[in-house]
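# sequence and predicted structure, then a few things I'm wondering about:
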Amino acid sequence: QAQLVESGGGLVQAGGSLRLSCTASGRTFSNYGMGWFRQAPGKEREFVAAVNWNGGRILYADSVKGRFTISRDNAKNTVYLQMNSLKPEDTAVYYCAAGGLVNSIPSMYDYWGQGTQVTVSS
């Protein structure tokens, strides 16, 4: 059964960095677009970043441009989210997802991980 598992979340002070990882198992996602989304308490799930199958097309939400970097290693079936200059408003559960095309719409993704908590203290 296809599964996505996120890791790397935690508690960090404002201005700090974290790197999230999302490892796939059960099937290969090397030909899938991969995305990161986040959801804060009481808010809707929002797009963070996405990358196409070979890394040639990348999208970022305006709120994270210049601070976050998405990348992938198809040999390891893993996608990463490097988060720098973190702000308290980045606090959320972060989810990775796999879909056919790189885009910012949650409903366009077929597979989802269980999420990892990121907390940024001020």
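Alright, I've got the coordinates.

# contacts for stretch 70-81?
19-25, 28-30, 34, 36, 48-51, 53-55, 58, 60, 68-69, 82, 94, 96 (Cβ atoms under 8 Å, 6 or more residues apart in numbering). For every residue, glycine as well, the C-beta is placed using N, CA and C.

# take those and keep only those in strands.
Among these, the members found in strands (DSSP state E) are 19-25, 34, 36, 48-51, 58, 60, 68-69, 82, 94, 96.

# can you select the buried ones among the residues you listed for me in ChimeraX?
Filtering these down to the buried ones (16 or more other Cβ atoms under 10 Å) takes a single ChimeraX command:
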select :20,21,22,23,24,34,36,48,49,50,51,60,68,69,94,96
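
# the residue nearest to the spatial centre of the chain: what's it in contact with?
In the chain, the residue lying closest to the centroid (Cα atoms, centre = their mean) is residue 36, at 2.5 Å. By Cβ under 8 Å, 6+ apart, the contact set of residue 36 is 20, 22, 48-50, 70, 79, 81, 94-97.
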